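J.: Predicted coordinates and the sequence they were generated for:
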Amino acid sequence: MSDLLAPGEARQLGQNERYDTVAARNSRFAAGEMITVRVRRSDAASIAEFRVPYRKWMRVLDALNWIAENQATDLAYRWFCGSKMCGTCAVRMNGREVLACWEAVEPDMTVEPLRNLPVIRDLVVDRAPFERKVAELEPWLERPVAYAGFPEPLTHKQMKNASKALDCIGCMCCYSACPVIGLGDLTDFAGPAPLVQLGQTALDPRNDAAKVSRSLKLTGIFNCVSCYKCEEVCPASIPIVSQVIEPLKARAVALMPEMAKHSNALRSVVAERGYVDPSALVLRVRGLKALSNLPRVLRLLIRGKINPIKTFLQRRTAASDAARQYLSRGDRP
Amino acid sequence: MQILSTDVVVVGGGAAGCYAALNLDRQGIKTLIVCKGLVGKSGASIFAGNLVLAGRGLGNTEEQARNTAEFLVKYHNQFLIDQHWAHACGRWIENVYYAELEEAGLYLRRDDSGNVVTSPGKIRSLAANIQGNSGVPFMDLRRKQVIRAGISHLEETVVTALLRRPDGSVCGVFALNIITGEYHVVLARAVILATGYSDRLHERSTGTREMSGDGIAMAWRVGATLANLEMQWWHTNDIADPPTWQRMQVYPNPMLGSEKSARMINSAGEEFFNQQQDDPLAYGPYTVQLKALAKEVHAGKARYDGGYYAGFDHCDPREVEAYTSYGKGFRQLGLRFPEDLVEAAVTAHYRQGGIDVETKTMRSSIPGLYVAGGLGGHSNGLIGLATYDGKVVADGVVGDLPQLAPAVLHETDIQREMQRLESLLASRRDGVPAATVKSAIRTMMWNKVGVEKDAASMRSALEDVETVRLDLLPRMSVTRAAKSMNYEWLDAIDAINMIDVCELIILSSLERKESRGPFMRRDFPMQDNTDWLAANVMVRTDNGHRFERRPYNLPFFKPDFATKDNLEVAW
């Protein structure tokens, strides 16, 4: 059955649900057929390769367990529950983040530790940077008014976004997949996982607005480029961008407009002009300070990146009307 | 080696351990948690599917309140429970528990109009965020409360021994940080063991990776009395394949906002269990299910390790998925939900018995050693009960602290423990891998001390225990000599606890000469309320052990027969 796949095709198949359904992924082999598992290990110069006999509905974790019991007894990998609850067994399989206990094996798979966190040994990463950030964000409830007693007034509608965030098991798949976190210290972005943890209480109507503002200030949330990588890999199927990060950004805009200076400026430039005018955007965000780097301004002028004439003389157009109309559709609080 | 000093050390970071630590901290007692996994992320508590509604809470009728209490005593503990403790616990759950959790921020699931969603019927329940997954936000909240309170916690750190004062009382723990390989000695005036009620002693077990009976093994080594260790519970509806999912349950309890619950089908396609129809009082119908399955196994229509099926094919998908996470496993396997059933198998679940405690303070028989949660021999699980224990043990310890002397550091004991651990690390490289030893123990327990057992199978198991001790343990090998991140070394440490606990369980099982609830003996099939409505107490003596039988008081509920075939008793 493994001849269904040519070597190297697995990654593509894993991603392409159109011709590799979940059902197909789960029934690719008969019991006893061998799969190839390559594991990136800390001590080894090259990636260690193992042949593992398939078991019905085998998960990546089953394969790792088999290897640790039979071939590499010193393999280091972390797991506790084996059923998508503890969120400690995430790895990268053929280049994408998966929960080892949850994902079906592939015929030829390379298993590596998560990115963006220090590797302690083999597949075990240090969760400390995430834990530190979460603790710093203080993702808990501070009530502006005293608790009313059980059951307090609260509807699911009010908790709709927080409820999604509460499905988070802290597995770090999103943190590993996030390209902005991958930039390291270049930004102060907290990352998707800490934001989802924060969203559990920051999107809860019972929380104090001042408390939420304090936490949001520490998130660098506007560094998020909304690439949806986090959402794509989330084993808990949390709509991380649409139902957590975007609502958190909206909350930040409402509570602290100064935090969203760049995105507010972009928005008003688009609303006024119907397109992104770089010089208008830079002037709005940086003011006259933007002119202080004259060589840069000249470079931009020469390359046609900015056009002051257009910026200062352009008139209202059909595009700007459409943009204004679109942007005023009430998608912000 | 790091030496730490605190008032109280809590071993375990689940519902009982966290709540004990939070309560002690609130009362100004310096507390430190040592957790073999991650606080609030490993262990049994994250598996809580939902929260049973006790007492008159949320519009429960007098009858529903009584049903819940009756369920707890009868179906959940087969009368092997201190009913006064159960009564006090029910009152606390009704008056304190939900409010404490909600005030701290737990989202007890509402509908769009703001009503708390419950399961209807004779016993009601509610969910934290989503039914089937309540334990995750519940324990996540506890984790954050521990962080917010600034309570010290050593994670991925295994306690390998209890430390004692010259008079034999317990005054601290010796621990190994699995990640760094560093030793920790934590000195305290009292130790609370809260290592949970589930472990991985059987081939199929709900216990998580790190659970290996450590609490029972260490308590027995310092002489603590045990009770009802034989009262092993089983999940009947756990997913048969893949092996990793052995603790994933097709929840049989009533569903939130629905009159229905999962059903079970034998290999001939006949339904043999459906809780809401068959026994509405069996809210957590594990024993009722197990007995129904035993009859199918006897009829050749199912096996304990598979050959029968469970699911929601009689339900409207919107009904199942409105408030539950029950579809996730089916979908991940590519099954149609809810049309398809999934093959199920039995999994060893929690143990009703454990360390014998005095239920007003959670003292064990050894001064300085306290127990909370499922590890105690006083009751079966449920996250509410474990949490209540956290409160009771905190109050008990606070009351006793003035009488508990500061810890005494015994260099020789610490040297001996270090040598014990390091001898495992230095063990021969060409021997039997520690993981293989663990597997051998689990296979032995599954085959000979499984759902149905008798004196012959258990005596044979005791012989296997001796063989493991004399043959396998001395040859147990660890390939890497480094102390940090050495899970093989941890496996070797675990294996020794596992084999000791298995022996205690087998001896206790041989001692109880009846069948009761999930405890099924082929050679004693009758439930015997004349002689065995009693705790099976195992006392450590100078030259081994002795058993005592301690009858239970029955102030609120009592069985209505003296002797009956256990398979014909509902609970």
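T.: Arrived safely, thanks for sending. Numbering: from 1, shown residues only, chains lettered A, B, ... in the order given.
J.: Can you give me the pLDDT of the closest residue to chain A within the stretch 301-450 of chain B?
T.: When scored by CB to the nearest CB, the stretch 301-450 of chain B has B:G334 as its residue closest to chain A, at 3.0 Å. All C-beta spots, glycine's among them, are computed from the backbone N, C-alpha and C. With respect to pLDDT, B:G334 has a value of 93.
J.: do the same with A:S292
T.: At A:S292, pLDDT is 85.
J.: and it, how many residues sit next to it?
T.: For A:S292, the count of nearby residues is 9 (other CB atoms under 10 Å in any protein chain shown).
J.: close to chain A, is the longest helix along chain B?
T.: Criterion DSSP state H: the longest helix present in chain B is helix B:487-511. Yes - contact of helix B:487-511 with chain A (CB under 8 Å from any CB of the partner chain) involves B:Y487, B:E488.
J.: Average pLDDT for that helix, rounded please.
T.: Mean predicted confidence for helix B:487-511 is 98.
J.: Return the list of helices and strands in contact with that helix.
T.: strand B:157-164, helix B:214-221, helix B:411-425, helix B:434-448, helix B:455-467, helix B:473-475, strand B:534-541, strand B:544-551 (3 or more CB pairs under 8 Å, 6 or more residues apart in numbering or on different chains; DSSP states H and E).
J.: and the residue of the stretch 301-450 of chain B closest to chain A, which of the three is it?
T.: What DSSP: H, G, I helix; E, B strand; the rest coil gives for B:G334 is coil.
J.: Phi, psi for it please.
T.: phi 80, psi 20 (degrees, to the nearest 10).
J.: what about it, distance to B:Y308?
T.: In this view, B:G334 and B:Y308 are 21 Å apart by CB to CB, to the nearest Å.
J.: Please apply the same query to B:G396.
T.: B:G396 is 44 Å from B:Y308, by CB to CB.
J.: Looking at these two, which is more packed in?
T.: Neighbour count, other CB under 10 Å: between B:G396 and B:Y308, B:Y308 has more, with 27 against 23.
J.: wait, that one sits on B:A268?
T.: No - B:Y308 is beyond contact range of B:A268, at 9.7 Å (criterion: CB atoms under 8 Å).
J.: for chain B, where's the lowest mean pLDDT among helices and strands?
T.: The weakest-scoring helix or strand in chain B, judged by mean pLDDT, DSSP states H and E, is helix B:275-278 (a mean of 86).
J.: shared neighbours of B:Y308 and B:A268, which are they?
T.: Counting by CB atoms under 8 Å, 6 or more residues apart in numbering or on different chains, the residues touching both B:Y308 and B:A268 are B:K301.
J.: before we move on, the earlier item: only alpha carbons, please: show the least confident helix or strand of chain B as PDB.
T.: C-alpha atoms of helix B:275-278 as PDB (Å, rounded to 0.1, in the frame of the first residue of the first chain):
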ATOM      1  CA  GLN B 275     -27.200   4.200  30.500                       C
ATOM      2  CA  GLN B 276     -30.100   6.600  30.200                       C
ATOM      3  CA  GLN B 277     -32.400   3.700  29.300                       C
ATOM      4  CA  ASP B 278     -30.800   0.900  31.400                       C
END
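J.: Now do the biggest strand by length in chain B: distance to the chain's middle.
T.: When chain B is scanned for its longest strand (criterion: DSSP state E), the result is strand B:342-351. Relative to its chain's centre, strand B:342-351 lies at 14 Å (CA atoms, centre = their mean, to the nearest Å).
J.: And stretch B:192-209, by the same measure?
T.: 6 Å.
J.: Ok, stretch B:219-236 next?
T.: 10 Å.
J.: List the buried residues for that stretch?
T.: B:219-220, B:222-236 (16 or more other CB atoms under 10 Å in any protein chain shown).
J.: Which of those residues fall in helices?
T.: Those of those lying in helices (DSSP H): B:A219, B:W220.
J.: is stretch A:38-49 anywhere near chain B?
T.: No - remark: stretch A:38-49 sits outside contact range of chain B, by CB under 8 Å from any CB, the gap being at least 8.7 Å.
J.: what's the first-to-last distance across that stretch?
T.: Its start and end residues considered, stretch A:38-49 measures 4 Å (CA to CA, to the nearest Å).
J.: Can you give the contact residues for it?
T.: A:36-37, A:50, A:64, A:67, A:72, A:75-76, A:109-113, A:119, A:121-123.
J.: Stretch B:419-439 too?
T.: With CB under 8 Å, 6+ apart, stretch B:419-439 has contacts from A:68-69, A:73, B:160, B:176, B:200, B:212, B:468, B:472-473, B:475-479, B:481, B:483, B:486, B:488-489, B:491-495, B:498.
J.: chain center to it: distance?
T.: 27 Å.
J.: quick one: buried residues of that stretch?
T.: Applying 16+ other CB under 10 Å to stretch B:419-439 flags B:L421, B:L424, B:L425, B:S427, B:G431, B:V432, B:P433, B:A434, B:A435, B:T436, B:V437, B:K438 as buried.
J.: would CSV of those with distance to B:Q27 and pLDDT be doable?
T.: CSV is the format used below for these (distance: CB to CB, whole Å; pLDDT from 0 to 100):
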residue, distance to B:Q27, pLDDT
B:L421, 35, 97
B:L424, 39, 94
B:L425, 40, 91
B:S427, 45, 67
B:G431, 49, 90
B:V432, 48, 94
B:P433, 46, 93
B:A434, 41, 94
B:A435, 43, 94
B:T436, 47, 95
B:V437, 43, 97
B:K438, 40, 97
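J.: Hmm, B:T157 is touching B:H184, no?
T.: Yes - counting by CB under 8 Å, B:H184 is a contact partner of B:T157 at 6.5 Å.
J.: Could you name every residue contacting both of the two?
T.: B:V34, B:A175, B:L176, B:N177.
J.: what residues are up against the closest residue to the last one other than its chain neighbours?
T.: This points to B:N177. Spatial nearest neighbour of B:N177, excluding adjacent residues (CB to CB, 6 or more residues apart in numbering or on different chains): B:T157 at 4.7 Å. By CB under 8 Å, 6+ apart, the contact list for B:T157 reads B:V34, B:C35, B:K36, B:A175, B:L176, B:N177, B:I178, B:H184.
J.: buried subset of the residues you listed?
T.: Buried among those (16+ other CB under 10 Å): B:V34, B:C35, B:K36, B:A175, B:L176, B:N177, B:I178, B:H184.
J.: From the residues you listed, which land in strands?
T.: B:V34, B:A175, B:L176, B:N177, B:H184.
J.: Could you single out the nearest of the residues you listed to chain A?
T.: Nearest member of these to chain A, counting by CB to the nearest CB, is B:N177, at 11.8 Å.
J.: so that closest one touches B:E156, yeah?
T.: Yes - with contact defined as CB under 8 Å, B:N177 reaches B:E156; the gap is 6.8 Å.
J.: Find the helix or strand that the residue positioned nearest the centre of chain A is a member of.
T.: The centre of chain A sits closest to A:C230, judged by CA atoms, centre = their mean, with a distance of 2.7 Å. Taking DSSP states H and E as the definition, A:C230 sits inside helix A:229-233.
J.: Show the average pLDDT along that helix.
T.: 93.
J.: Can the following helix or strand past it be said to contact chain B?
T.: Later in the chain than helix A:229-233, the nearest helix or strand by DSSP H and E is helix A:246-255. No - applying CB under 8 Å from any CB, one finds helix A:246-255 separated from chain B by no less than 15.9 Å.
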